[in-house]
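Novice: pasted the sequence and its predicted model underneath.
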Amino acid sequence: MVVITFLGTCLRTIDNPALKHALEDRPRGESVIACYVEDPTQRLPGAAYTWWTRHSLPLLRKKLDQLHVPLICMRGSFPAIARVLIEASNKAPCKLSRVYVNRRWGGTTEEQDKNFEDILHEQDIPVKSYVAHTLHEPWNVKTGQGGFYRVYTPFWRNFPRVKPQIFDEPEPQEQDTKGYDEVVSALKSNKEINVLDWAHAEKPYDPHWAKDFPWKPGQDQALKTLEDFLAKRVEKYKDGRNMPFSNGTSQISPYMAHGEISPHRVLHMIHQTRERVQKTKNDYALESLQQFEMEVVWREFQYHILWHEPYIGWKNHNSKFDHFPWKYPLTEKEVRENLPNANPSKESLEELARLAALDCWKAGNTGIPIVDAGMRQLWSLGWMHNRVRMIVASLLTKNLHYHWKAGEEWFWDTLVDADPASNTHNWQWVAGTGADASPYFRVFNPIRQASRFDENGNYTRHWVPELKNTATKEILKLYERPACTGKDLLENPSRASVWAQHLACIHKDAKKLGPDQQLFSRKYVAITEDKYHLPVVDLKKSKDKALEFFQSYGKTDGGPSTKKEESEGESQEEDAPKTDSEDPKTLKKEESESDSEGLRRSQRPRKAARRS
Ligand SMILES: Cc1cc2nc3c(=O)[nH]c(=O)nc-3n(C[C@H](O)[C@H](O)[C@H](O)COP(=O)(O)OP(=O)(O)OC[C@H]3O[C@@H](n4cnc5c(N)ncnc54)[C@H](O)[C@@H]3O)c2cc1C
C-alpha cells in the first residue's frame with residue numbers, strides 16, 4: 001500500500017505535519033511518497049520565487065532521500081491529480097491507502113481542495129490535512145462577535161498565545177519505494193498533469209537575471225539565518241528595522257514564504273531568545289524582540305484576511321475605490337496601436353509616457369534616488385527592505401497614480417519572498433484600499449523618508465552607482481529638480497527601461513518579446529548610466545493631484561471618503577499619523593517622527609495630537 005503526502009508550501013522535513021503524520025501513522029510496510037504541486041488553476045508563482053523553489057527542491061529531495069521518501073514534482077490541479085492517483089491505485093498492485101496534506105489558502109483553493117477530498121473520499125481513501133504555513137488556522141482567531149479582524153491591534157491583542165508546535169526531523173525509516181514508478185508513470189501519461197524534473201535537475205536553474213542573487217535557499221540555511229539574527233541583531237531591531245542600510249532585519253521572509261522554516265519554529269526561537277534576553281535586563285532589547293514577534297504575527301494577520309477574503313489578491317478590499325481614477329499599465333496591443341509609426345500623435349505620446357513612467361519605476365530609473373535604490377535592490381537581490389517597499393509603493397500609487405495591482409504584479413514576479421497574503425495586503429495598505437489601510441491621503445514623501453531613514457545616503461549610493469561619488473546633501477537636492485516631460489521620457493528613454501525595449505522592438509519590427517524577456521532582460525535594466533535621470537514626476541504636484549482626486553471623489557456617492565476620514569482629511573501632510581486603532585506598529589513611530597519634523601499640530605487628528 002502507498003501513502004501520499006502533499007507538501008504544499010512547506011519545503012522542509014522538520015516541523016512538517018503532513019510528512020510527519022504520513023511517516024508515523026502509516027501501517028507497517030506501507031511506503032510514503034511526497035508530492036510538490038504547482039497548481040495552474042491558481043495564480044502561478046512569479047519568476048524570482050520560482051528561482052528559489054527550483055534551488056530548494058533538489059535540497060529537499062536530498063533530505064527526503066535520507067528518510068527513504070521519494071519526491072515527485074508536478075504541475076496539475078488537485079482534482080486531476082486525485083483522479084489519476086485513484087486510477088493508478090485501481091490498476092497497480094500497490095493500492096493508495098491514505099493521503100496527508102499541508103493546507104493552502106487564497107484564490108479558489110478551498111473549492112479545489114474540497115473537490116480533491118471528495119474524489120478521494122468517494123473511493124474510501126482517507127485524507128488528513130494540517131495547518132503548516134501559519135501558527136493558527138486563519139479561521140480560529142475570531143472577534144467577540146464571531147467575525148474576523150480587519151484591524152491589526154485587536155488581532156494582535158487577541159491572537160491566541162500558543163506553545164509552539166515543533167517536532168524534529170522524522171527518523172529515517174526502513175521502507176522501499178514500491179508504488180513510486182507506477183504513480184509517476186500514471187501521472188506522466190495524463191495530459192492534464194506535467195511531471196517536472198525540478199527535484200532532480202541536472203543543472204541548477206540560474207537565469208541571467210538572477211546571477212547575482214546572494215541567497216542560499218534550503219531549510220538548513222533558514223535556521224542558520226534566524227539563529228544568526230536572534231543571536232546578534234535582534235536586540236537593536238526596534239529602530240534598526242527601519243534603516244535600510246543597517247542590516248537590521250532578519251531577512252527570513254523568503255524562507256518563510258517557501259515554508260523552509262515553520263512559523264512555529266520561528267516563535268519557538270523567539271521564546272528561547274526572550275529567556276536569554278530577560279536575564280540581561282535590557283528593556284530596549286526586550287522591546288525589540290517583542291516588535292519582531294509582532295511582525296511575525298502581522299504575517300498571520302494577513303493570512304487571516306486572505307482566508308476570509310480569498311479574492312483580496314485582485315479586488316480592492318474597500319470596493320469604494322473600484323471606480324477611482326487609477327491608471328493601469330498599457331497592454332502590448334495598446335502600445336502597438338498608439339505607436340504605429342515614428343511620429344505618434346500628442347495623445348498617443350501621453351499614453352505612452354505613462355507607460356514609460358511605469359517602466360522607469362520598474363527599472364529603477366525614476367530619477368528619485370531612494371526609489372531607484374530600492375527598485376535596483378529588488379533587481380539585484382529579489383528582495384527589498386520593508387521601509388523602501390513602502391516608499392516605492394507609495395510613489396507608484398500616490399504620485400504616478402497607478403492602481404496598486406500594477407505594482408503588486410511586478411513585486412509578485414520579482415520578489416523571492418512573494419507571498420499571496422503579504423504582498424497583496426501590503427500593497428492595498430499603502431494604496432489605502434485595504435483592510436487596516438493607511439488612509440488614502442497618507443503619502444510617503446521620498447525626500448523626508450530619505451533624510452530620516454537613509455540619513456547618510458549610504459543605501460542610495462550603494463544601489464545607485466551613478467551617485468556613488470555624490471555627497472548626501474547633493475543627493476537630497478536631486479529630489480528638488482523639475483520633472484522631465486512626457487516627451488523627454490519618450491525621446492530619451494532610459495536605456496535601462498523596459499520601455500526602451502518596446503521601442504527597439506517596435507521600430508525594428510523585432511519579434512515580440514516573451515514575458516520572461518520583458519521582465520528580466522537584466523542587461524537592459526539596473527545598469528549604471530552616464531547621467532542620473534531627471535525625476536519622472538513632480539512629487540509635490542502629483543501628490544496634490546492625488547489628494548484632489550481623493551477629495552473630489554470622496555464627494556460623490558461612490559467615493560471612498562468616510563466620516564472619520566473627512567474629519568482627518570485636513571491632515572494631508574505626508575506621513576500624517578493614523579489613529580491608534582489602525583496600525584500602531586508602524587505608525588506610532590511615524591507619528592513621533594512627524595512631530596520632530598514640525599508637522600503642524602492643528603492639522604493632526606485630535607487623538608494623535610493628544611498622545612504626543
Ligand atoms: C508593498 C509591500 C509588499 C510586500 N510584499 C511582501 C511579500 O510579498 N512577502 C513578504 O513576506 N512580505 C512582504 N512585505 C512585507 C515586508 O516588507 C517583508 O516581509 C520584509 O521586508 C521581509 O524582510 P525581513 O524578513 O528581513 O523582515 P523582518 O523585519 O525581519 O520581519 C520578520 C518577518 O515578519 C514578517 N513581516 C515583517 N513585516 C511584515 C509586513 N509588513 N507584512 C507581512 N509580514 C511581515 C515577515 O514574515 C518577515 O520575514 C511587503 C511590504 C510592502 C510594503
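Specialist: Okay, I see it.

Novice: what about the residue nearest to Ile193 when sequence neighbours are not counted, neighbour count?
Specialist: Sequence neighbours aside, Gly76 is the residue nearest to Ile193 in space, at 3.6 Å (criterion: C-beta to C-beta, 6 or more residues apart in numbering). Where C-beta positions appear, they are placed from N, C-alpha and C, glycine not excepted. Number of residues near Gly76 (other C-beta atoms under 10 Å) recorded here: 23.

Novice: whichever strand or helix holds Thr225 - what's its average pLDDT?
Specialist: Assigning secondary structure by DSSP states H and E places Thr225 in helix 219-232. With pLDDT averaged residue by residue, helix 219-232 scores 97.

Novice: what comes up buried for the very next helix or strand once past it?
Specialist: Per DSSP H and E, the first helix or strand lying C-terminal to helix 219-232 is helix 237-240. Residues of helix 237-240 classed as buried by neighbour count (16 or more other C-beta atoms under 10 Å): 237-238, 240.

Novice: same deal with stretch 88-104?
Specialist: 88-89, 92, 94-104.

Novice: contacts only, for Asn190.
Specialist: By C-beta atoms under 8 Å, 6 or more residues apart in numbering, the contact set of Asn190 is 76, 80, 84.

Novice: follow-up on the earlier one: phi and psi next, for the residue nearest to Ile193.
Specialist: phi 180, psi 160 (degrees, to the nearest 10).

Novice: ok, now Arg276?
Specialist: Residue torsions, per degrees, to the nearest 10, at Arg276 are phi -70, psi -50.

Novice: and if you look at Cys35?
Specialist: Per degrees, to the nearest 10, the backbone of Cys35 is at phi -130, psi 130.

Novice: repeat for Phe6
Specialist: Backbone geometry at Phe6, expressed as degrees, to the nearest 10, gives phi -90, psi 120.

Novice: for the closest residue to it other than its chain neighbours, report the pLDDT, please.
Specialist: What sits nearest to Phe6 in space, not counting adjacent residues and going by C-beta to C-beta, 6+ apart, is Val101, at 4.4 Å. Looking at Val101, its pLDDT is 97.

Novice: Val101 and Met294, how far apart?
Specialist: 30 Å (C-beta to C-beta, to the nearest Å).

Novice: which helix of this structure spans the most residues?
Specialist: Counting by DSSP state H, the longest helix found in the chain is helix 283-308.

Novice: nearest to Ala210 among the contacts of Asn190?
Specialist: Ranked by distance to Ala210 (C-beta to C-beta), the contacts of Asn190 are led by Gly76 at 25.9 Å.

Novice: how about the contacts made by that closest one?
Specialist: 37, 39-40, 187, 190, 192-194.

Novice: if you set the cut-off to 10 Å instead, what comes out?
Specialist: Under the criterion of C-beta atoms under 10 Å, 6 or more residues apart in numbering, the neighbours of Gly76 are 35, 37-41, 82, 84, 187, 190-196.

Novice: do the helix holding Thr225 and the ligand meet?
Specialist: No. Helix 219-232 does not reach the ligand (C-beta under 6 Å from any ligand atom); its nearest approach is 7.0 Å.

Novice: where does that helix sit relative to the chain's centre, distance-wise?
Specialist: From the chain centre to the centre of helix 219-232 is a distance of 21 Å (C-alpha atoms, centre = their mean, to the nearest Å).

Novice: and stretch 16-35, by the same measure?
Specialist: Offset of stretch 16-35 from its chain centre (C-alpha atoms, centre = their mean): 31 Å.

Novice: stretch 310-321 too?
Specialist: Taking C-alpha atoms, centre = their mean, one finds the center of stretch 310-321 at 17 Å from the center of the full chain.

Novice: buried ones in that stretch?
Specialist: 310, 312-313, 315-318, 320-321.

Novice: of those, closest to Lys279?
Specialist: Ile312 (42.3 Å).

Novice: pull up the gap between Leu71 and Glu137, please.
Specialist: Computed with C-beta to C-beta, the distance linking Leu71 and Glu137 is 27 Å.

Novice: and Thr153, by the same measure?
Specialist: Distance, Thr153 to Glu137, using C-beta to C-beta: 21 Å.

Novice: what do you get for His21?
Specialist: His21 is 16 Å from Glu137, where distance means C-beta to C-beta.

Novice: neighbour-wise, which of those two wins?
Specialist: His21 (17 against 14).

Novice: okay, and that one sits in which element?
Specialist: For His21, the host element (DSSP H and E) is helix 17-25.

Novice: tell me the secondary structure of Tyr100, please.
Specialist: Counting by DSSP: H, G, I helix; E, B strand; the rest coil, the backbone at Tyr100 sits in strand.

Novice: pretty sure it contacts Cys10?
Specialist: No. Counting by C-beta atoms under 10 Å, Tyr100 sits too far from Cys10 to count as a contact (11.3 Å).

Novice: what is in contact with these two at once?
Specialist: When contacts are counted by C-beta under 10 Å, 6+ apart, Tyr100 and Cys10 are jointly contacted by 16-19, 130.

Novice: closest to Trp52 among these?
Specialist: Using C-beta to C-beta, Asn16 comes nearest to Trp52 of those, at 17.8 Å.

Novice: roughly how far apart are Val37 and the ligand?
Specialist: 21 Å (C-beta to the nearest ligand atom, to the nearest Å).

Novice: I'd like the next helix or strand past the helix or strand containing that residue.
Specialist: In this structure, Val37 sits in strand 31-38 according to DSSP H and E. As assigned by DSSP H and E, the chain's next helix or strand after strand 31-38 is helix 47-66.

Novice: what comes up buried for that following helix?
Specialist: Neighbour counts using 16+ other C-beta under 10 Å place 47-61, 63-64 of helix 47-66 among the buried residues.
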